[in-house]
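Asks: Fold the stuff below for me.
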Amino acid sequence: MHSRLSAHLIICAALIVALASVALAQGGTQSDLSPLQRLDVMRSKLEAMRRSLNSAISSLEPQAANPNEKEKKNPDDPRERLRGLDKEVASILSEVNDVRGKQERSERYDQTILERLEASVVDINTRVQAGMQATAGARSSAIATSPGSAKKKKKGRLFGLLGGGGDNKYEELTGTVAAGRDRVLFEEAAKEVRKGNHETGRLLFSTIINTYPDSPFLPLAKLAIADSFYLEGTTAALVQASQAYSDWLTFFPTDPLADDAMLKVAESEMRQMGLSDRDITHARKAEQRLKTLLQQYPQTNLRPIVEDHLRETQESLAMHSYEIGNFYLEPRYKRGKGGLKGAQSRYKEVIDKYPNFSLRDSVLFKLAFTYQQEEEPDEAAKYYQDLLRNFPNSEYAEKAKEQLSIIGLPIPDPDPARKNVAPPDRPGFMGSLLQQVVGRADVTVENDGILISRGKKEGVNDL
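Replies: Alright, predicted model coming up:
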């Protein structure tokens, strides 16, 4: 009996730890964003909820009132239920906009309000989805029984929210429930996203999620919404794409497309990477995501792409540390302002963390120089010899040989495999100037989504 009780306690403890880990993972993803980005994500989700609710309300006719009784709101009326949810969403959205205004004006506010608002968004999103699913039948009946004139009058209201007008070709698709309609909705939504009508596409994908909870297209619709943000490509959209892919992974961690989604999280960060002499937050996040992908999916078919991305991301991170090291060494130490230790630590970081850095020969030479200045010739010789073994054709090779002769140590033979390696390419003046103008890191990232691509031809299914 005692052993059985112990076993139950161990299982309960394991479940608690697992749930805590999931919560921490989700919180960690959100905390990676700046306060403004967190507010933008919340605002986008709330605005999408309002559009879905308004389109659903527009497809419902109000219940007939008894003329002998005072008009009272019936809480069981699907239209009133959705209106109540819309008011709640509008209230939270107003609060989000208020906090966002304070953030933009650099006014002080209690930072814990962000966590409270995020919890409110999660809660209202769950209730909106439940409300949309619960009223799906009523919306279908309303469209089916409405007279032709009323139906004609309502045309254009669903997507009028997006600035459209006139006849609405998606009214029947979104207003009624029918077998196979989820597939049609998915294909139409994908077409809209490819045309650049991202908001329209997201509304159609949301209709699948809210109206067909048992549809096999539900996980695909959630993933396609993330794709729509990724294809939109603005800074704000990429922030939301990263969040949407991460949310999808939380719900579908074992899906065959999970490694693709994790790659898109990393690529969303890579597309936001600036130059190495600026903020490297996105480069660090991308590196972390790429390493995690290889750890969690060691057999992934995406490995060659991930490794290429990792090299490009680490090149930017290494260049950042290298340039800081140069700042400490050149303008400071050589002008008698100190900084030798700062330069040394940065060069050492590059050597230890980024073995494929394109300017590794330069880092080795400068690191060796710092040790010579500290009168540590043995340590300096180690890096001079490394340079000559692995970069025998480097522009620093002759200088390294001279320094080894001064130290009194032999010059090593080059590694046979590296003997004919050409000197590393140095960025030219025009190339560097152009990159400064563009202001973006030199990375190669696919701009297409997982399910939806820009260049897809008409008539070709996305499934």
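
Asks: C-alpha from now on. contacts and neighbour counts both.
Replies: Fine.

Asks: Please tell me how far residue 303 sits from residue 365.
Replies: Relative to residue 365, residue 303 is positioned 33 Å away (CA to CA, to the nearest Å).

Asks: Same drill for these two, tell me which one is more crowded.
Replies: Taking other CA atoms under 10 Å, residue 303 and residue 365 do not tie; residue 365 has more neighbours (24 against 16).

Asks: Quick check, the more buried one in contact with residue 387.
Replies: Yes - under the criterion of CA atoms under 8 Å, residue 365 makes contact with residue 387 at 7.1 Å.

Asks: Could you pull out the residues contacting both of those two?
Replies: Contact criterion CA atoms under 8 Å, 6 or more residues apart in numbering; residues bridging residue 365 and residue 387 by contacting each: residue 400.

Asks: Helix or strand for residue 309, just tell me which one.
Replies: Using DSSP states H and E, residue 309 sits in helix 303-327.

Asks: What is the linear distance spanned by stretch 105-118 between its boundary residues?
Replies: First residue to last in stretch 105-118 (CA to CA) measures 21 Å.

Asks: for stretch 385-405, same thing?
Replies: With CA to CA as the measure, stretch 385-405 spans 11 Å from end to end.

Asks: Same check on stretch 379-398?
Replies: The straight-line separation of the ends of stretch 379-398 (CA to CA) is 19 Å.

Asks: tell me which residues of it are tucked away?
Replies: 379-381, 383-394, 396-397 (16 or more other CA atoms under 10 Å).

Asks: And the contacts of that stretch?
Replies: Contacts for stretch 379-398 (CA under 8 Å, 6+ apart): 361-362, 364-365, 367-372, 400-401, 403-404, 407, 409, 411-415, 418-424.

Asks: related to what we said a few turns ago, following the helix holding residue 309, which helix or strand shows up next?
Replies: Sequence-wise, the next helix or strand downstream of helix 303-327 (DSSP H and E) is helix 340-353.

Asks: Which elements pack onto that next one?
Replies: On a contact count with 3 or more CA pairs under 8 Å, 6 or more residues apart in numbering; DSSP states H and E, helix 340-353 meets helix 303-327, helix 360-373.

Asks: on contacts alone, who are the packing partners of the helix or strand hosting residue 222?
Replies: For residue 222, the host element (DSSP H and E) is helix 218-232. Applying 3+ CA pairs under 8 Å, 6+ apart, we find helix 218-232 packed against helix 181-194, helix 198-211, helix 235-251.

Asks: Tell me where the stretch 1-150 of the chain is predicted with low confidence.
Replies: Within the stretch 1-150 of the chain, the stretches with pLDDT under 70 are 1-32, 59, 61-76, 137, 139-150.

Asks: my bad, the stretch 201-350 of the chain
Replies: 331-337.

Asks: Contacts only, for residue 449.
Replies: 224, 227, 228, 230, 231, 264.

Asks: Mind giving me the packing neighbours of the helix or strand hosting residue 128?
Replies: Using DSSP H and E, residue 128 maps to helix 112-134. Identification of packing neighbours for helix 112-134 by 3+ CA pairs under 8 Å, 6+ apart yields helix 35-58, helix 78-104, helix 198-211.

Asks: could the helices and strands packed on helix 340-353 be laid out in a markdown table, adding distance to residue 290?
Replies: Formatted as a markdown table, these follow (distance: least, CA to CA, whole Å):
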| stretch | distance to residue 290 |
| --- | --- |
| helix 303-327 | 6 |
| helix 360-373 | 22 |
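
Asks: Check those helices for me and report the most buried one.
Replies: helix 360-373 (a mean of 22; mean count of other CA atoms under 10 Å).

Asks: Next secondary structure after it?
Replies: Helices and strands here follow DSSP H and E; after helix 360-373, the next one along the chain is helix 377-390.

Asks: between that next one and helix 340-353, how many degrees?
Replies: 40 degrees (axes from the mean of the first three to the mean of the last three CA atoms, to 10 degrees).

Asks: chain center to whichever helix or strand comes after helix 377-390, what's the gap?
Replies: Once helix 377-390 ends, the next helix or strand along the chain (criterion: DSSP H and E) is helix 397-407. Centroid separation between helix 397-407 and its chain, computed with CA atoms, centre = their mean, to the nearest Å, is 48 Å.

Asks: list the buried ones in helix 397-407?
Replies: Quick answer for helix 397-407 (16+ other CA under 10 Å): 397, 400, 401, 403, 404.

Asks: mean confidence score for that helix?
Replies: The predicted model assigns helix 397-407 a mean pLDDT of 93.

Asks: what does stretch 378-388 give?
Replies: Across stretch 378-388, pLDDT averages out at 94.

Asks: re the thing from before, nearest to residue 296 among the helices and strands packed on helix 112-134 would be which one?
Replies: helix 35-58 (26.6 Å; CA to CA).

Asks: which residues touch the helix or strand containing residue 292?
Replies: Applying DSSP H and E as the criterion places residue 292 in helix 281-296. Residues outside helix 281-296 that contact it (CA under 8 Å, 6+ apart): 259, 262-263, 265-267, 269-270, 272-274, 300, 303, 306, 309-310, 313-314, 316-317.

Asks: What residues of that helix count as buried?
Replies: 282, 283, 284, 285, 286, 287, 289, 290, 293, 294.

Asks: Burial check on residue 109, number of neighbours?
Replies: 11.

Asks: which residues does it contact?
Replies: Counting by CA under 8 Å, 6+ apart, residue 109 touches 99, 102.

Asks: try the one 5 residues further on
Replies: Contact criterion CA under 8 Å, 6+ apart gives 35, 38, 39 as the residues in contact with residue 114.

Asks: Ok, residue 351 next?
Replies: 360, 363, 364 are the contacts of residue 351 under CA under 8 Å, 6+ apart.

Asks: Closest to residue 123 out of those?
Replies: residue 360 (51.1 Å).

Asks: Now that closest one. Nearest residue, chain neighbours left out?
Replies: Leaving out its chain neighbours, the residue that sits closest to residue 360 by CA to CA, 6 or more residues apart in numbering is residue 351, at 7.2 Å.

Asks: any idea how far that neighbour is from residue 319?
Replies: Separation of residue 351 from residue 319 (CA to CA) stands at 11 Å.

Asks: quick one: common contacting residues for these two?
Replies: By CA under 8 Å, 6+ apart, no residue touches both residue 351 and residue 319.

Asks: mind checking how far stretch 104-115 is from the chain centre?
Replies: 23 Å.

Asks: in that stretch, what's buried?
Replies: Buried, per 16+ other CA under 10 Å, within stretch 104-115: residue 114.

Asks: Kindly check the end-to-end length of that stretch for me.
Replies: 18 Å.

Asks: ok, the spatially closest residue to residue 89 that is not a sequence neighbour - contacts?
Replies: Excluding the flanking residues, the one nearest residue 89 by CA to CA, 6+ apart is residue 46, at 6.3 Å. Shown in contact with residue 46 (CA under 8 Å, 6+ apart): 89, 90, 92, 93, 121.
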